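> Take this sequence and fold it.
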Amino acid sequence: MYRLTERNRSIGEMFSSIAPRYDFLNRLLSLGADRRWRRLAVAETIPSTGGRFLDVATGTADMALEILRQKGPGASVAGVDLSMEMMRVGREKCARTGQRRRVAFFRAPGESLPFRDGAFDSACVAFGIRNVIDRERGLREMCRVVRRGGRLVVLEFSTPPGAVFGPLYRFYFRSVLPRIGGIFSRGSAYAYLPESVLAFPDPSAFGEMMRAAGCASVTRRSLTFGIVTLYVGVR
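Numbering: from 1, shown residues only. This next block holds a predicted model:
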């Protein structure tokens, strides 16, 4: 059994510090595009209606609620996160939308998921795989708990190519975004964000990591000029 490390706790506390304003900042800093990205990611999960879903790094439950919206009344979601405060906000959102009983929240690291083998039809992680310390182990765990033929869907930031847009984006990400995030959140999470994104493997390398973890096939799709990459692995 994998126990929470000091690094796990530190990441959880960092996100807890911005939990009350997390959704607002997501909308602001992405100019609302994060909602579309999540819709596209959930559309890649199976089955199309009903089903059992795992949402790793569930945070304030945006992804979990999008799953329930698309999959209908027969669907259920298990949400896993390191931050108790983020999940508290998520529970409140689920309660306000009448979905509280359909989402179960668990505090656990991505490297040690508290579920049996093949428990879910699909697993997803949106903008959270960067924060899994042992990324290879985390991917293996997600593959383990997804049934054969199910899907692992990962939505993550990437560095866009191009001689013009790429440098402009990196300037925004390194210099502008942390300042805006810092003004509203007064925390370190938005300074940590560009560091973690720029250190993340390129899309091709990450796709290979998913295959090595247990996905029989992996496809990827670039979104919004390469700002985000959507990965779909089939078990």
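> helices or strands up against the helix or strand bottoming out on mean pLDDT in the chain?
Every helix and strand of the chain was ranked by mean pLDDT, DSSP states H and E. The lowest is helix 177-185, at a mean of 74. Here helix 177-185 touches helix 6-18, helix 22-30, helix 189-198, going by 3 or more C-beta pairs under 8 Å, 6 or more residues apart in numbering; DSSP states H and E. All C-beta atoms are positioned from the backbone trio N, CA, C, and that covers glycine.
> mind saving the C-alpha coords of that helix as PDB?
The C-alpha atoms that make up helix 177-185 are tabulated as PDB, following Å, rounded to 0.1, in the frame of the first residue of the first chain:
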ATOM      1  CA  LEU A 177      -0.200  33.600 -15.800                       C
ATOM      2  CA  PRO A 178       1.700  33.300 -12.500                       C
ATOM      3  CA  ARG A 179       1.200  37.000 -11.800                       C
ATOM      4  CA  ILE A 180      -2.500  36.900 -12.500                       C
ATOM      5  CA  GLY A 181      -2.900  33.700 -10.500                       C
ATOM      6  CA  GLY A 182      -0.900  35.200  -7.600                       C
ATOM      7  CA  ILE A 183      -3.100  38.300  -7.500                       C
ATOM      8  CA  PHE A 184      -6.200  36.300  -7.000                       C
ATOM      9  CA  SER A 185      -5.000  33.200  -5.100                       C
END
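> what ranges do the helices span in the chain?
6-18, 22-30, 33-43, 62-71, 84-96, 135-145, 165-171, 177-185, 189-198, 203-213 (DSSP state H).
> For the last one, which helices and strands make contact with it?
Contact partners of helix 203-213 among helices and strands, from 3+ C-beta pairs under 8 Å, 6+ apart: helix 135-145, strand 146-157, strand 217-223, strand 228-234.
> partners of the second one, with directions?
So that's strand 146-157. With DSSP bridges as the test, strand 146-157 is paired with strand 120-126 (parallel), strand 228-234 (antiparallel).
> Present the helices and strands packed on helix 177-185 as TSV; the columns should include distance to residue 91 and mean pLDDT.
Formatted as TSV, the helices and strands packed on helix 177-185 follow (distance: least, C-beta to C-beta, whole Å; pLDDT from 0 to 100):
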stretch	distance to residue 91	mean pLDDT
helix 6-18	14	88
helix 22-30	14	87
helix 189-198	20	78
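> need those helices in JSON lines with distance to residue 157 and mean neighbour count, can you?
Below are the helices and strands packed on helix 177-185 laid out as JSON lines (distance: least, C-beta to C-beta, whole Å; neighbours: other C-beta atoms under 10 Å):
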{"stretch": "helix 6-18", "distance to residue 157": "16", "mean neighbour count": "17"}
{"stretch": "helix 22-30", "distance to residue 157": "10", "mean neighbour count": "17"}
{"stretch": "helix 189-198", "distance to residue 157": "4", "mean neighbour count": "17"}
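> Those: which one's closest to residue 224?
Minimum separation from residue 224 across the helices and strands packed on helix 177-185 (C-beta to C-beta) falls at helix 22-30, 8.7 Å.
> who touches the closest one?
The contact list for helix 22-30, computed with C-beta atoms under 8 Å, 6 or more residues apart in numbering, reads 15, 18, 34-35, 37, 59-60, 62, 86, 89, 177, 180-181, 184-185, 190.
> Thanks a lot, see you next time.
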